[in-house]
Every structure is written in structure tokens, then in C-alpha cells.
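Participant: The following block contains a protein sequence and its predicted model.
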Amino acid sequence: MRVTEVKVIERKLKHNPRSHGRNWRDYAKPPRIYVFVKENVFENLSNRRVRPHTMYKKFAVTPALEALGLDVADCTVAWKQKAGCDCGCSPAFIVTSKSGARMMPRSDAYVNVEGADAAIDADKQPRTLAIATRGGVVKPSNVNELIRALLN
Ligand SMILES: [Zn+2]
């Protein structure tokens with residue numbers, strides 16, 4: 001596995017269009033480290049629950065913490081499937097401070113990795129997709145079959 005890019009994106013304080021309140025909770029939550037591999041939507045749907053996060057921790061976390069301006073020795077990270085979204089589509093590491101330092105950056109890190117071992121944990125099975133169509137349940141095995149099933 002190889003890291004090809006590390007990006008840090010500062011969060012924006014979002015407004016709720018109905019209540020006009022500001023979403024401080026999302027804004028102030030601990031930094032996330034997202035890890036991306038080059039893959040199509042079919043592969044992402046199959047693989048996003050079986051990421052090799054032990055490998056990510058070894059290769060992607062330190063450069064991400066450094067890019068966030070954090071003290072690597074003071075940080076601990078935990079891989080959470082729902083770190084980025086309650087539906088589980090955006091797993092990530094959540095960064096916390098061992099010393100309890102309260103000031104965390106209002107930013108998240110986005111790391112691109114590549115390599116044969118970068119997409120799936122070799123000990124886990126990728127998810128088998130099943131799409132309910134008018135003609136019955138279809139189990140697509142590539143992105144073209146997935147699109148065809150979704151259009152049916
Ligand atoms: Zn989601």
C-alpha cells in the first residue's frame with residue numbers, strides 16, 4: 001500500500017435552512033481521516049464495509065495527522081464505519097487526543113492510497129449486492145450490471 005496524496009479540508013459551519021440554526025455539533029466534532037482508493041461505484045458499494053483499516057492505520061494515519069498539524073504521539077485513532085455518515089457509507093478514523101487536549105482542528109484529512117492490498121481486507125468478504133427490480137432480485141457482478149439493475 002502506498003499513500004499518493006494527503007489533503008486537509010477545513011470544515012464550514014453549516015446552517016440549517018429551516019431553523020436557521022448553525023450546526024455546531026458537526027462543525028466541532030473530532031477530526032476524521034478518510035481513506036480513498038481508486039474504484040468505481042460498484043466496487044465502492046461492495047468494499048466499503050471491508051476496508052483494510054489495520055493497513056490504513058499503519059500507512060495513512062501518520063501523514064494525515066501531520067497534515068492536520070497534530071502531535072502524532074498525542075493522538076489516538078479509531079476506525080468507525082459511521083464516522084462520516086450515519087448510514088455507514090463513509091467510514092473513517094476518528095482522531096482523539098490522549099492528553100485530552102480540547103483544541104482539535106476543525107478540519108478533516110483525505111488520504112488517497114493505492115496498491116493491490118488497498119481496497120479490501122484480505123480476511124474479509126466483499127459484500128454481495130442485491131438489487132430488487134421488477135423482474136426479481138438481481139445480483140450484479142460489475143458496474144454495468146449494477147446500472148442495468150438500477151434502471152430496471
Ligand atoms: Zn451515508
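Facilitator: That came in fine, so what should we check first?
Participant: Counting residues, name the longest helix you see in this protein.
Facilitator: In terms of residue count, the longest helix belonging to the chain (DSSP state H) is helix 143-151.
Participant: Name the residues of that one that are buried.
Facilitator: Neighbour-count burial for helix 143-151, with 16 or more other C-beta atoms under 10 Å as criterion, is recorded at L146, A149. Yep, even glycine has a C-beta here, placed from its N, CA and C like the rest.
Participant: Check stretch 130-139 too.
Facilitator: V138.
Participant: Show the average pLDDT along that stretch.
Facilitator: If you average the pLDDT over stretch 130-139, you get 91.
Participant: what's next to stretch 38-50, contact-wise?
Facilitator: If you take C-beta atoms under 8 Å, 6 or more residues apart in numbering as the criterion, stretch 38-50 is touched by 37, 81, 88-89, 91, 112, 114, 119-121, 124-129, 140, 142-143, 146.
Participant: Let's see that with 7 Å instead.
Facilitator: 81, 88-89, 91, 114, 119-121, 124-127, 129, 140, 142-143, 146 (C-beta atoms under 7 Å, 6 or more residues apart in numbering).
Participant: List the residues that contact the most far-flung residue of the chain relative to its centre.
Facilitator: Distance from the C-alpha centroid of the chain peaks at G135, with 33.5 Å (C-alpha atoms, centre = their mean). For G135, the contact set (C-beta under 7 Å, 6+ apart) comprises N152.
Participant: and it, how far is that from G84?
Facilitator: Separation of G135 from G84 (C-beta to C-beta, to the nearest Å): 34 Å.
Participant: Likewise for I33?
Facilitator: Taking C-beta to C-beta as the criterion, I33 is separated from G84 by 10 Å.
Participant: The two - which one has more neighbours?
Facilitator: Comparing I33 with G84 by other C-beta atoms under 10 Å, the one with more neighbours is I33, at 27 against 16.
Participant: Test my guess that the more buried one contacts F93.
Facilitator: Yes. Using C-beta atoms under 7 Å, I33 is in contact with F93, at 4.1 Å.
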